[in-house]
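Novice: Got a predicted structure here, sequence first:
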Amino acid sequence: MEDQEWVNMFRTRAEDLQDEWTLYMDDSIQPKNAKPGFYEYLRGSFAQFLCSKCGRYWPSKRVMVVFHFSLDAASGRGSVKVRRFKQECRRCSAPRKENPKFGKENIDVMVEKLIEKIKFRCYNEKVGESSRASHFTGKVNGPHESAHCEACQLGICQQGT
């Protein structure tokens, strides 16, 4: 399951941090509305979608992910909440919002950049930003469809206008 890939990649990369960190998925977090004590990091990446109603598959070059992270220095524990924004099938009537499927390499790129943000915000470490980019496979036909993009509907998609 993809959720476990996120957790495993984060756990591996977080080993270098001074404290114990936990990552979990949370579709209830709101972008640009982090709770007090939390920092926010917003990132886009390539992902694929599969309609659970009609079986249609489509790729998207910029699927948004929001991370809210916080360190409780007193307990030595940090937490990261992750929300991956969904898209709807453009062919179905009453479509469902489908979860994106990110490739392992793209999950790793996002987790690497998240760790950089944690080091900067929570440990005041000056780290050079990685130049690794998301890996794109396949072909995207047509423009980004804002009407079917959850991130566009919330005003945070960096592609939709």
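Specialist: Received, thanks. Numbers count the residues shown, from 1 in each chain.

Novice: Spatially central residue in the protein, please.
Specialist: Centroid-nearest residue in the chain, with C-alpha atoms, centre = their mean: Val65, separated by 2.6 Å.

Novice: The longest helix along the chain packs against which elements?
Specialist: What stands out as the longest helix in the chain, according to DSSP state H, is helix 104-123. Secondary-structure packing of helix 104-123 (3 or more C-beta pairs under 8 Å, 6 or more residues apart in numbering; DSSP states H and E): helix 2-14, strand 39-50, strand 57-72, strand 77-84. No exception for glycine: its C-beta is placed from N, CA and C like everyone else's.

Novice: any chance of the ones you listed in JSON lines, with mean pLDDT and distance to Trp21 too?
Specialist: Formatted as JSON lines, these follow (pLDDT from 0 to 100; distance: least, C-beta to C-beta, whole Å):
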{"stretch": "helix 2-14", "mean pLDDT": "95", "distance to Trp21": "4"}
{"stretch": "strand 39-50", "mean pLDDT": "95", "distance to Trp21": "13"}
{"stretch": "strand 57-72", "mean pLDDT": "94", "distance to Trp21": "8"}
{"stretch": "strand 77-84", "mean pLDDT": "98", "distance to Trp21": "4"}
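
Novice: And the pLDDT for the residue located most distally from the centre of the chain?
Specialist: Most distant from the centre of the chain: Ala74, at 27.7 Å, with distances by C-alpha atoms, centre = their mean. Predicted confidence (pLDDT) for Ala74: 95.

Novice: quick one on the thing from earlier: so who does the residue nearest to the centre of the chain touch?
Specialist: Leu42, Arg43, Gly44, Ser45, Val82, Arg83, Arg84, Phe85, Met110 (C-beta atoms under 8 Å, 6 or more residues apart in numbering).

Novice: which ones are touching the spatially closest residue to Asp19 that is not a sequence neighbour?
Specialist: Counting by C-beta to C-beta, 6 or more residues apart in numbering, Asp19 lies nearest to Gly76, which is 4.5 Å off, once chain neighbours are set aside. Going by C-beta under 8 Å, 6+ apart, Gly76 touches Gln18, Asp19, Glu20.

Novice: count of residues packed around the second one?
Specialist: Meaning Asp19. 15 (other C-beta atoms under 10 Å).

Novice: Sweet, I'm off.
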